[in-house]
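Asker: heads up, no residue letters with this:
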């Protein structure tokens, strides 16, 4: 990817609910845990689709002896029949599975705002796992913040300091 995308647990300053903060170059976005999980789901699906498309293209050329142009049209027709992943939330990134016609390799393109990147399917799955972990941690963190806030000796600054130290340990 062009620049590294960072995502971490936080709280929405307006609603005080669990949120995930994405920072990627000039892009900064506050997302719900549901949207973060939907993004992870879509990343994993795109990785699988890219690999399947490459395998299908190879099979069409080798077994059916189709020319690359015909095989490409077959893959596009099959893609149109796929049911997109569904569930709660919506993806925070534009995600597209790509079958590299010239390279013969699968890719996953991701974008948000002015930022764009290209991942291997393994990198997309790794990113999906990380986004899933952050979404789950966000739900836990907001509960922990609530409990710590009930402790009379801790101020909001104290709580933010604790979470800052926890984030520093994760890096």
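Answerer: Noted; the coordinates are in hand. None of these values were measured; they are calculated from a predicted model.

Asker: tell me which stretches of this protein form helices.
Answerer: Secondary structure of the chain (DSSP state H): helices at 33-63, 68-81, 121-150, 156-170.

Asker: what about this structure, any weak spots by pLDDT?
Answerer: For the chain, residues meeting the criterion pLDDT under 70 lie at 1-2, 170-171.

Asker: so what's the residue nearest to residue 121 when sequence neighbours are not counted up against?
Answerer: Take residue 121 and drop its neighbours on the chain: the residue closest to it by CB to CB, 6 or more residues apart in numbering is residue 47, 3.7 Å away. Backbone N, C-alpha and C define where each C-beta goes, glycine included. Residue 47 is in contact with 97, 106, 108, 119, 121-122, 124-125, 128, counting by CB atoms under 8 Å, 6 or more residues apart in numbering.

Asker: is it possible to get CSV of the helices of the chain that adds distance to residue 3?
Answerer: Formatted as CSV, those follow (distance: least, CB to CB, whole Å):
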stretch, distance to residue 3
helix 33-63, 17
helix 68-81, 29
helix 121-150, 14
helix 156-170, 19
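
Asker: near residue 78, how many other residues are there?
Answerer: Look at residue 78: counted by other CB atoms under 10 Å, it has 13 neighbours.

Asker: quick one: contacts for the nearest residue to it once chain neighbours are set aside?
Answerer: With CB to CB, 6+ apart as the criterion, residue 78 has its nearest non-adjacent residue at 6.8 Å, and that residue is residue 56. Applying CB under 8 Å, 6+ apart, we find residue 56 in contact with 71, 74-75, 78.

Asker: over to residue 111?
Answerer: When contacts are counted by CB under 8 Å, 6+ apart, residue 111 is found next to 93-94, 117.

Asker: tell me, how many residues neighbour residue 79?
Answerer: 14.

Asker: could you shift the numbering so residue one becomes 723, and keep it that way?
Answerer: Fine by me, first position is 723 from now on; the one you just mentioned is residue 801.

Asker: that one reaches residue 774, doesn't it?
Answerer: No. Taking CB atoms under 8 Å as the definition, residue 801 is not a contact partner of residue 774, at 9.7 Å.

Asker: now residue 771: how far from residue 876?
Answerer: With the distance defined as CB to CB, to the nearest Å, residue 771 ends up 47 Å from residue 876.

Asker: of these two, who's got more company?
Answerer: More neighbours surround residue 771 than the other of residue 771 and residue 876, with 22 against 14 (other CB under 10 Å).

Asker: tell me the contacts of that one?
Answerer: Each residue near residue 771 by CB under 8 Å, 6+ apart is listed here: 801, 804, 819.
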